[in-house]
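>>> Would you be able to build a 3D model of this:
(chains A and B)
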Amino acid sequence: NAGVTQTPKFQVLKTGQSMTLQCAQDMNHNSMYWYRQDPGMGLRLIYYSASEGTTDKGEVPNGYNVSRLNKREFSLRLESAAPSQTSVYFCASSGRQGDLGAGTYEQYFGPGTRLTVT
Amino acid sequence: AQSVTQLGSHVSVSEGALVLLRCNYSSSVPPYLFWYVQYPNQGLQLLLKYTSAATLVKGINGFEAEFKKSETSFHLTKPSAHMSDAAEYFCAVGGSQGNLIFGKGTKLSVKP
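Numbering: from 1, shown residues only, chains lettered A, B, ... in the order given. Here you go, the predicted structure:
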């Protein structure tokens, strides 16, 4: 049981390049999330997927696209990277069928992708 | 709308001293509250969660938090700090769309 996995762990891009960050979970969770973490800003939600086949914008969606490929996988794409997208990106998942109350909110996080855009 | 405020971006304590990390929330409905810990270069790990079953919640590594509705607070405490507690701590509240809304985090330093 690997939990939430993310690839790659590190990436350096030049301005204007594109890339896709991959995330997978093996906990049979319904919901998946992408966050970015910047010093002093906490975690900010980029996009989330409440269930397979649905995606919604979070707090900071500009410059990003997502795909919920299936129940397990949720990818984040940067079409034209900018230096302002230098950050640490975390994927998380939550919510098994039958979860109630706080269990539906409890999120499990991947180890993160450290992205630098020069 | 739900929100979380963590007072103090940095807290420093001596080894063996009390740890107190402050969190205040705003929520129009009974909240689900969480504390997460992040060790350097790692993802976030759940410390504890408030589910309304009890106001004093015990978590991992000797941490606990008390839900005080009158003060809209959910402060995190540990009686005796250990060097291994040095990390960043995030308070979070359940949002209206099933997501979590995080505070900006408090970095805890532990001095020998």
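>>> who in chain B is up against chain A?
Taking Cβ under 8 Å from any Cβ of the partner chain, the part of chain B that reaches chain A is made up of B:9, B:32, B:34, B:36, B:41-46, B:49-52, B:90, B:94, B:97-100, B:102-105. (C-beta placed from N, C-alpha, C; glycine too.)
>>> Out of the residues you listed, which end up buried?
By the neighbour-count criterion of 16 or more other Cβ atoms under 10 Å in any protein chain shown, these include these buried positions: B:32, B:34, B:36, B:43-44, B:46, B:49-51, B:90, B:94, B:98-100, B:102-105.
>>> Tell me how far the residue nearest the centre of chain A lies from chain B.
Using Cα atoms, centre = their mean, the residue of chain A that lies closest to the mean C-alpha position is A:Trp34, 2.3 Å off. Per Cβ to the nearest Cβ, to the nearest Å, A:Trp34 is found 11 Å from chain B.
>>> Local confidence estimate at that residue?
For A:Trp34, the pLDDT comes out at 96.
>>> Show me what the one helix or strand in chain B whose mean pLDDT sits lowest is packed against.
Counting by mean pLDDT, DSSP states H and E, chain B has its least confident helix or strand at strand B:100-102, which shows a mean of 90. Judged by 3 or more Cβ pairs under 8 Å, 6 or more residues apart in numbering or on different chains; DSSP states H and E, the packing partners of strand B:100-102 are strand B:3-7, strand B:87-94.
>>> Give me the buried positions along the helix or strand following that strand.
Per DSSP states H and E, strand B:100-102 leads on to strand B:106-111 as the next helix or strand towards the C-terminus. Using 16+ other Cβ under 10 Å as the test for burial, strand B:106-111 gives B:106-108, B:110.
>>> ok, back up a step: surely the residue nearest to the centre of chain A is in a strand?
Yes - if the criterion is DSSP: H, G, I helix; E, B strand; the rest coil, then A:Trp34 is within a strand.
>>> Look up the residues forming beta bridges with it.
Counting by DSSP bridges, A:Trp34 is bridged to A:Tyr47, A:Cys91.
>>> OK, contacts around it?
Listed by Cβ atoms under 8 Å, 6 or more residues apart in numbering or on different chains, the contact set of A:Trp34 reads A:21, A:23, A:45-48, A:58, A:64, A:66, A:74, A:76, A:89-91.
>>> redo that, cut-off 6 Å
Applying Cβ atoms under 6 Å, 6 or more residues apart in numbering or on different chains, we find A:Trp34 in contact with A:46-47, A:76, A:91.
>>> Neighbour-wise, which one of those residues leads?
Top of the contacts of A:Trp34 by neighbour number is A:Cys91, holding 28 neighbours under the definition other Cβ atoms under 10 Å in any protein chain shown.
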